[in-house]
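S.K.: Provided below for reference: sequence and predicted model.
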Amino acid sequence: MKAAVVHGANDIRIEEVDCPVPEPGDIVVRVRASGICATDVKTLLGQGLPKDLPTILGHEVAGEVSALGKGVSDFAVGDRVAVYPIAVCGECDYCLGERHNLCRHEFGLAHGIDGGFAEYVRIPRQILNVGGVIKIPDELSFELAAMAEPLSCGLAALRVNKVQPDDTVVIVGAGPMGMIHLLLAKWRGAKVIILEKMPGRQEFARKLGADAIIDPNNEDPLEAVNKLTDSDGADVVITSLSDTQVIESSLPLVKKGGVFNIFGGPPAGQRINIDPRWIHYQEITITGSFASTPMDFREAIYLIATQQIDAARLITDRFTLDSMLDAIERARSLQMIKGVVLA
Ligand SMILES: [Zn+2]
Ligand SMILES: [Zn+2]
């Protein structure tokens, strides 16, 4: 089969590789849509490159079941599915506490095993065992089903940050995930302020329904947020980028008693300065949210399928495996919001 194979930092090649074969309890999915995530680009550039190379990236997968491992009876060849990408044990304290993303024994697509930038991908039994393979309705396109994974990560953030209707949410960084936080916070009934320096992305966020856009090139974010919130600050600040300096400078945007979330994964070895008096006297909650749980994933599929979240508005670019290198280039140069590889 054809696959986009990563051999090292900045070294991705379209190659012929062996088709995956299901082990007992596994399935193999013929990939019809595979979303491109900022994580893929970071990984490709060498941040957190897996030690077992070569590997295949891609963890936002939808497609058709093409082979069943021994003992699989819940699926049939040809079923249309979306796939939660983390293979979790289902038995550790985190899994039992519905925090599968922190599982003590986790691995997953593009993270230990081959992912979805290929014609076929093996889905290990651990993913099936936690209900991570979801049959999708006939009328739901594969590209929209592939949006379930990033949407589920946004839902996880909404849950962790306890975003309430009528909250003011500041989203720092309007990349693909920032746009998802925007759609979800609006869906929840919050007022959304976007902080973004790229004009194209400001415009995109405005079209998606942002209540206000702050351009840090032209205005001081703190003054601007104060102006928009009666000098209060935001109930929730979500930093959806990996620039630690921007994360640090965004701390004062949150109001007394508010929640400051670090959503984007910064590079290793960086630090931010926080005044402990500020956390104490203002009762600031600092949260992290990383990936999602199978429950978030199922909710994401439901919100997309019922059109409560219009995920189609996020997809700006479509590629094939053969144009994968262009895809990576467009993602790296921040020219697209959400790209998806289709087959
Ligand atoms: Zn992703
Ligand atoms: Zn576990």
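M.R.: Nice, I can see it. Ligands and ions are numbered 1, 2, ... in the order given.

S.K.: in this structure, what residue lies closest to ligand 1?
M.R.: Cys37 (3.1 Å; Cβ to the ion). Every C-beta, even on glycine, is put in place using the N, C-alpha and C of the backbone.

S.K.: any idea how far that residue is from ligand 2?
M.R.: Cys37 sits at a distance of 23 Å from ligand 2 (criterion: Cβ to the ion, to the nearest Å).

S.K.: same question for Gly131.
M.R.: 14 Å.

S.K.: just Ile180 next, same as before
M.R.: Ile180 is 26 Å from ligand 2, by Cβ to the ion.

S.K.: so that residue, which of the three states?
M.R.: helix (DSSP: H, G, I helix; E, B strand; the rest coil).

S.K.: give me the neighbour count for the residue of the chain closest to ligand 1.
M.R.: 23 (other Cβ atoms under 10 Å).

S.K.: could you do Ser323 as well?
M.R.: Ser323, neighbours per other Cβ under 10 Å, totals 15.

S.K.: got the confidence number for it?
M.R.: Ser323 carries a pLDDT value of 93.

S.K.: and if you look at Lys191?
M.R.: So Lys191 comes in at 98 (pLDDT).

S.K.: shouldn't it be in contact with Ile171?
M.R.: No. Using Cβ atoms under 8 Å as the test, Lys191 is too far from Ile171 to be in contact (11.3 Å).

S.K.: quick one, which of the two is more surrounded?
M.R.: Ile171 (30 against 19).

S.K.: quick one: the more buried one and Lys186, what's the gap?
M.R.: Counting by Cβ to Cβ, to the nearest Å, the gap from Ile171 to Lys186 is 11 Å.

S.K.: which neighbours do the two have in common?
M.R.: Listed as contacting both Ile171 and Lys186 by Cβ atoms under 8 Å, 6 or more residues apart in numbering are Val192.

S.K.: pLDDT-wise, which helix or strand of this protein ranks last?
M.R.: helix 38-44 (a mean of 85; mean pLDDT, DSSP states H and E).

S.K.: chain center to that one, what's the gap?
M.R.: Computed by Cα atoms, centre = their mean, to the nearest Å, the chain-centroid distance of helix 38-44 equals 12 Å.

S.K.: which residues touch it?
M.R.: 6, 9-10, 12, 48-50, 57-59, 110, 117, 175-177, 242, 264-265, 328, 331-332.

S.K.: please apply the same query to stretch 304-319.
M.R.: Contacts of stretch 304-319 (Cβ under 8 Å, 6+ apart): 36, 136-137, 140, 143-145, 147-148, 151, 176, 179-180, 183-184, 187, 207-208, 300, 302-303, 326-327, 330, 336-342.
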